[in-house]
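# Could you look at this predicted model? Sequence included:
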Amino acid sequence: MRQLFILALIFPLATAYFFDCLDGCECDTEDEIIHCHNGNRKQLTLPKGSRLRGFPVIALPYNDIKNLPNEETLLNKFPDLKVIDVERNPNFDCDSLTNYDKVKIISDCFKNATEVDQVPKIMRPTRNCDLTCQANKHYEKLHEYVLHLWEIIKQKYNDFDYDDTMRSIKQFFTMTIEKIKKLGSDIKDIYHSAVNEWNKPADGSISSSATTASPYGKYVDID
């Protein structure tokens, strides 16, 4: 019962900022990234009708994209766009990279490949990992991808101090990484608060040996 109580508090915090968008992508309004991983997509689907604002990054690794829409179209549909990640798209047209100036394209072109892990989908609940557990695994991997993407960009570009676009990208990732760190801290605070309330004896004192449930359904001590 305690485990269910704690998980009920964490699940909304971990998932409330994601919504389905485009062709089955996940729009993350907390990290401000559109995640379109592992979809075997042939193209980037554009928003129908109105623009989709507030997303500087579109992540498209592990698809089958050959070409992206032209830069003018991209910025018209995604006004805040700065980075598109098309790593692990084996048929991507590397010659097209010269057509993009304001939007930075992260690719495997010119033998410039880096390590990019696939992000697992939310799997069916199992005896050892319920829906909350599966969702938390998925969203944790998305946050890890964001942190890793920043390291990849730093490897591939050296003009942060001279290029206005790169300076704005650096500023975006600096703020985003801080938000991800704060999210982890907030979840930890919720753990402690929930456990303290649940383990509080009738006299109002708090047990000194409180342990808590992790997002993955196992009990762990949090320092």
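Perfect, thanks for sending it. What you are looking at is a predicted structure, and each value in this text was computed from that prediction instead of being measured.

# Where does pLDDT dip in the chain?
By pLDDT under 70, the weakly predicted segments of the chain are 1-16, 112-123, 125, 158-162, 183-223.

# Relative to Phe173, how far out is the closest residue to Cys36 other than its chain neighbours?
Once flanking residues are discounted, Cys36 sits nearest to Cys25: 4.0 Å by CB to CB, 6 or more residues apart in numbering. For the C-beta atoms, the positions are set from N, CA and C on the backbone; glycine is no exception. As judged by CB to CB, to the nearest Å, Cys25 and Phe173 stand 20 Å apart.

# got a list of contacts for stretch 70-84?
For stretch 70-84, contacts defined as CB atoms under 8 Å, 6 or more residues apart in numbering pick out 32, 44, 46-47, 51-58, 60, 68-69, 99-106, 149, 153, 165, 168-169, 172.

# can you count the residues close to Gly54?
Gly54 has 12 neighbours, counted by other CB atoms under 10 Å.

# likewise Phe18?
Neighbours of Phe18 (other CB under 10 Å): 18.

# That one contacts Asp28, correct?
Yes. The pair Phe18 / Asp28 is scored as a contact, 5.4 Å apart, by CB atoms under 8 Å.

# where along this structure do the strands fall?
For the chain, strands defined by DSSP state E occupy the ranges 18-21, 25-28, 33-35, 57-59, 83-85, 104-106, 212-213, 219-220.

# Mind checking those for the one nearest to Leu142?
Closest to Leu142 of the strands of the chain, according to CB to CB: strand 33-35, at 5.7 Å.

# Give me the helices and strands touching the closest one, please.
For strand 33-35, the elements it packs on are strand 25-28, strand 57-59, helix 131-156, judged by 3 or more CB pairs under 8 Å, 6 or more residues apart in numbering; DSSP states H and E.
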